[in-house]
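Student: From the sequence below, what's the structure:
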Amino acid sequence: DAHFAMSHPAPVSIDLFVSHCWESAAWPKAFALAFFHHHRRAVLAANVTFVLAFASALAGRTDKSGEAGQGWSGLGVVLLGGPLLAYLSVVLLGAHLFSDLSRQLFVDKACVHQTDPYLYRKGVDSIKDVLRSSSA
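Tutor: Predicted structure coming up:
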């Protein structure tokens, strides 16, 4: 089994225990994991984007004659769309942007053999020990 081949014996403690509903589609589970891991960074990116967009809009508010210019046109799109794009980019691409290889995860599909009945039972029976050593 390819997923099981990627696993290795669990260390003394696990940072995160990941389980899921087998009948659910893959994308909501993937998004939930991405949200869990990258939400804080995504909020920071969205806030920075908002501040930069707002500062840019303020700087472009007046034309060369000093009169009020068209600096506010399209501001709503920039102030809402920019931070939203920044947030979604960090959440969805966070695994590539901020890889943290030191985290120890238990992903049941990878850590419990899916085709060998003996290894499957052994893996399922050990989940209680993995949960006990997990911090999240």
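Student: who touches Tyr120 in this structure?
Tutor: Taking CB atoms under 8 Å, 6 or more residues apart in numbering, we find Tyr120 in contact with 112-114. All C-beta atoms are positioned from the backbone trio N, CA, C, and that covers glycine.
Student: Can you give me the pLDDT of it?
Tutor: Listed pLDDT for Tyr120 reads 82.
Student: do His39 as well
Tutor: 91.
Student: excluding its backbone neighbours, what's nearest it?
Tutor: Val91 (6.8 Å; CB to CB, 6 or more residues apart in numbering).
Student: for the longest helix along the chain, packing partners?
Tutor: Using DSSP state H, we find that the single longest helix of the chain is helix 26-59. In terms of contacts (3 or more CB pairs under 8 Å, 6 or more residues apart in numbering; DSSP states H and E), helix 26-59 is packed against helix 75-97.
Student: Can I get the helix it packs on as PDB, trimmed to CA atoms?
Tutor: Output of helix 75-97 as PDB, limited to C-alpha atoms (Å, rounded to 0.1, in the frame of the first residue of the first chain):
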ATOM      1  CA  LEU A  75     -11.200  50.900  -3.900                       C
ATOM      2  CA  GLY A  76     -13.800  48.400  -2.700                       C
ATOM      3  CA  VAL A  77     -12.500  45.800  -5.100                       C
ATOM      4  CA  VAL A  78      -9.000  46.300  -4.000                       C
ATOM      5  CA  LEU A  79      -9.700  46.600  -0.300                       C
ATOM      6  CA  LEU A  80     -11.900  43.500  -0.300                       C
ATOM      7  CA  GLY A  81     -10.500  41.400  -3.100                       C
ATOM      8  CA  GLY A  82      -6.800  41.900  -2.300                       C
ATOM      9  CA  PRO A  83      -7.000  40.700   1.300                       C
ATOM     10  CA  LEU A  84      -9.300  37.800   0.300                       C
ATOM     11  CA  LEU A  85      -6.900  36.700  -2.400                       C
ATOM     12  CA  ALA A  86      -4.000  37.000   0.100                       C
ATOM     13  CA  TYR A  87      -5.800  35.000   2.700                       C
ATOM     14  CA  LEU A  88      -6.800  32.200   0.300                       C
ATOM     15  CA  SER A  89      -3.400  32.100  -1.200                       C
ATOM     16  CA  VAL A  90      -1.700  31.500   2.100                       C
ATOM     17  CA  VAL A  91      -4.300  29.000   3.300                       C
ATOM     18  CA  LEU A  92      -4.100  27.000   0.000                       C
ATOM     19  CA  LEU A  93      -0.400  27.300  -0.700                       C
ATOM     20  CA  GLY A  94       0.800  27.400   2.900                       C
ATOM     21  CA  ALA A  95       2.200  23.900   2.800                       C
ATOM     22  CA  HIS A  96       4.500  25.000   0.000                       C
ATOM     23  CA  LEU A  97       5.300  28.400   1.400                       C
END
